[in-house]
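> whatever this is, show me its structure:
(one chain, ligands or ions: 1)
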Amino acid sequence: MTTHRKPDAADHAEPELQRHFDATIARDQRVEPRDWMPDGYRRTLIRQIAQHAHSEIIGMQPEGEWITRAPSLRRKAILFAKVQDEAGHGLYLYSAAETLGADRADLTERLIEGRQKYSSIFNYPTPTFADVGVIGWFVDGAAICNQVPLCRSSYGPYARAMVRVCKEESFHQRQGYELLSTMMRGTGAQRAMVQDAVDRWWWPSLMMFGPPDGDSPNSAASMAWKIKRHSNDELRQRFVDMTVPQAEKLGVTLPDPELRWNEERGRHDFGTPDWAELTRVIRGEGPCNAQRMERRRRAHEDGAWVREAATAHAAKRRARADEGAAA
Ligand code: FAQ
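Below you'll find the model as predicted:
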């Protein structure tokens with residue numbers, strides 16, 4: 001697309017521009033930052049990308065707690081790399097949101113004031129090292145199911161950011177699975193630790209995909225705009241189908257008595273997640289919401305001097321460049 005327009009343009013203003021936008025979506029082409037886009041499309045993208053960015057940054061906390069307590073240098077190095085990757089994902093995503101006219105400081109403010117969401121999954125505790133493995137296996141596995149289709153999202157900067165993010169999530173998922181298979185070859189206590197972590201994370205991981213399709217208010221528009229390529233339930237199903245054989249190979253039991261292969265559908269049937277729990281966790285009443293937000297706020301306050309120094313440095317460079325241009 002080549003048509004340019006101010007970011008705050010009203011949706012209905014230009015039928016010609018709207019037609020051009022619709023044709024771009026219909027042809028499966030990408031919408032780029034300087035293209036005209038309906039306000040609703042822009043708002044939805046900012047909402048989803050910001051929530052995604054906040055999730056990556058808050059998502060550093062549950063595993064980050066284990067960096068100082070990792071059982072070996074190798075595990076520590078892997079975990080360090082993984083948690084740093086999550087920080088990188090957050091930064092790409094904030095940059096993608098900025099291409100839509102959002103302001104990063106404002107998005108952070110909204111998160112800290114509880115006006116923007118982050119993923120429910122990061123509000124659960126990590127009491128044992130097996131949790132680190134299960135987060136890699138389930139949470140990064142779910143993130144891959146959700147985010148690989150986002151590489152084909154209609155908004156160019158988001159789709160491109162997802163390509164690299166998914167490659168890294170793939171390493172994260174494998175390191176989690178490898179950690180768990182090592183523990184499963186260990187002592188009975190280690191195997192029990194893995195099973196316990198699987199029992200605690202299974203249902204929250206299914207909830208990551210969002211409410212069921214019938215209760216997902218944003219899905220219809222997001223799918224029409226090709227921001228989302230598949231529904232929440234379809235992605236949840238893909239995750240279950242992908243994970244069941246992995247669980248069998250690992251030797252753990254997934255905590256769902258209704259889980260079974262359905263020959264007719266060629267997919268697994270599975271039980272219903274506790275949607276009331278998801279609502280509570282999103283509302284801020286999960287086991288670790290208060291702690292996660294408190295840490296995020298503290299990190300933001302502790303980082304104030306870095307932001308001030310960077311701003312002062314940028315101002316100095318600008319002034320020097322201006323002096324140079326005037327001379
Ligand atoms: N938690 O109408 P829908 C990761 C909200 S990153 C909290 O279905 P939508 C990497 C939703 O925002 C994990 N809130 O919404 C990693 C909406 O509220 P709003 C994050 C949730 O957007 C691994 C309302 O409920 N991934 O794991 C949740 O169409 C390991 C109604 O829902 C992404 O953000 C939830 N689980 O679909 C990092 C991926 N589900 O905004 C560290 C991109 C729903 O209207 C360690 N996002 N809500 O007030 C998406 O694909 C979508 O935004 C969905 C939700 C699928 C999450």
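> ok, N146 touching M208?
Yes: counting by C-beta atoms under 8 Å, N146 touches M208, with 7.3 Å between them. Bear in mind the C-beta positions are built from the backbone N, C-alpha and C, glycine included.
> not counting residues beside it along the chain, what's closest to the residue in the chain positioned nearest to the ligand?
At 2.7 Å from the ligand, G59 is the closest residue in the chain, using C-beta to the nearest ligand atom. Excluding its sequence neighbours, the residue lying closest to G59 (C-beta to C-beta, 6 or more residues apart in numbering) is F122, at 4.8 Å.
> okay, that neighbour: pLDDT?
The model reports F122 with a pLDDT of 98.
> need the contact list for it.
By C-beta atoms under 8 Å, 6 or more residues apart in numbering, the contact list for F122 reads 55, 58-59, 61-62, 288, 292.
> again, only this time at 6 Å
For F122, the contacting residues are 58-59, 62, by C-beta atoms under 6 Å, 6 or more residues apart in numbering.
> what number of residues lie near E32?
14 (other C-beta atoms under 10 Å).
> just list the residues touching it, thanks.
Going by C-beta under 6 Å, 6+ apart, E32 touches G156.
> can you give me the distance of it to T24?
Between E32 and T24 the distance is 9 Å, computed by C-beta to C-beta, to the nearest Å.
> which residue is the nearest non-sequential neighbour of the residue nearest the centre of the chain?
Centroid-nearest residue in the chain, with C-alpha atoms, centre = their mean: H52, separated by 4.2 Å. Closest residue to H52 apart from its sequence neighbours, by C-beta to C-beta, 6+ apart: L93 at 5.3 Å.
> which helix or strand contains the residue nearest to Y118 when sequence neighbours are not counted?
Once flanking residues are discounted, Y118 sits nearest to H54: 3.9 Å by C-beta to C-beta, 6+ apart. H54 belongs to helix 39-58 when assigned by DSSP states H and E.
> from H230, how far out is the residue nearest to S231 when sequence neighbours are not counted?
Closest residue to S231 apart from its sequence neighbours, by C-beta to C-beta, 6+ apart: D213 at 4.8 Å. Computed as C-beta to C-beta, the D213 to H230 distance reads 10 Å.
> more neighbours, those two?
Comparing D213 with H230 by other C-beta under 10 Å, the one with more neighbours is H230, at 18 against 13.
> quick check: which element contains P273?
P273 belongs to no helix or strand, assigned by DSSP H and E.
> state the distance from the residue of the chain closest to the ligand to E169.
Distance from G59 to E169, by C-beta to C-beta: 11 Å.
> same thing with A314?
Between A314 and E169 the distance, using C-beta to C-beta, works out to 32 Å.
> picking up where we left off before, wait, doesn't the residue of the chain closest to the ligand sit right on V83?
No: counting by C-beta atoms under 6 Å, V83 is not a contact partner of G59; they are 8.8 Å apart.
> the two: who's more crowded?
Ranked by neighbour count (other C-beta under 10 Å), G59 and V83 place G59 first, with 24 against 20.
> tell me the pLDDT of that one.
pLDDT at G59 comes out at 98.
> again with G324
What the model reports for G324 is a pLDDT of 88.
> show me what contacts A192?
Contacts of A192 (C-beta under 6 Å, 6+ apart): none.
> give me that answer again for 10 Å
A192 makes contacts with 128, 130, 183, as judged by C-beta atoms under 10 Å, 6 or more residues apart in numbering.
> do the same with P245
H268.
> ok, back up a step: now the common contact residues for N146 and M208.
Common neighbours of N146 and M208 (C-beta under 10 Å, 6+ apart) are 119, 232, 235-236, 239.
> mind putting the residues you listed into CSV with secondary structure?
Formatted as CSV, those follow (DSSP: H, G, I helix; E, B strand; the rest coil):
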residue, secondary structure
S119, coil
N232, helix
L235, helix
R236, helix
F239, helix
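> which PyMOL command selects the buried ones in these?
For the buried members of the shared contacts of N146 and M208, the matching PyMOL selection, counting by 16 or more other C-beta atoms under 10 Å, is:
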select buried, resi 119+232+235+236+239
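> list, out of the shared contacts of N146 and M208, those positioned next to the ligand.
119, 232 (C-beta under 6 Å from any ligand atom).
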